[in-house]
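Asks: Any chance you can model this:
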Amino acid sequence: MKLLPLIGALLISAATVQAFETLEGLDKATLEELDEACLETNENFLLCQGKALATSARNRVDVLCELVRQDLITTQNAVKMWNKYNETYGHPLWTQAANSVLEEYHPNCPIKTVP
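Replies: The predicted model follows:
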């Protein structure tokens with residue numbers, strides 16, 4: 001009976017999982033393969049979701065600050081959009097990522113860090 005958990009663990013560890021071990025491997029990946037890898041386990045799913053949330057925050061900061069810098073949108077509109085994003089995505093990972101980009105790369109941007 002002690003072998004049953006061991007056999008189960010071996011079978012699980014032998015399950016096929018899409019691995020991207022190099023940037024070249026990732027460059028050749030399709031969106032379907034990335035989705036499959038993210039959905040393989042709950043841990044993978046949460047990791048992918050967390051990374052997507054943080055990346056989204058960084059990208060939104062970059063875009064809003066650049067649009068204001070180039071006078072393509074007003075400061076007021078940027079702040080209004082920023083506040084709406086924070087209401088919608090107010091997760092700690094979002095906040096941490098957004099604040100780090102604002103502080104490091106956009107210290108003169110009119111949108112401010114999130115408390």
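Asks: Just give the number of residues close to the closest residue to Asn99 other than its chain neighbours.
Replies: Using CB to CB, 6 or more residues apart in numbering and skipping residues adjacent in sequence, the residue nearest Asn99 is Thr113, 4.3 Å away. Quick note: C-beta positions are derived from backbone N, CA and C, even for glycine. Thr113 is flanked by 13 other residues according to other CB atoms under 10 Å.
Asks: What strand or helix carries the residue nearest the centre of the chain?
Replies: A centroid search over the chain (CA atoms, centre = their mean) returns Ala52, at 2.2 Å, as the residue closest to the centre. Here Ala52, judged by DSSP states H and E, is contained in helix 42-69.
Asks: ok, Thr113 touching Ser100?
Replies: No: the criterion here is CB atoms under 8 Å, and Thr113 misses it with Ser100 at 9.1 Å.
Asks: can you give me the helices for the protein?
Replies: Ranges of helices in the chain, per DSSP state H, are 3-13, 23-27, 31-39, 42-69, 75-88, 92-105.
Asks: ok, Gln70 - how many residues close by?
Replies: Using other CB under 10 Å: Gln70 sits among 8 other residues.
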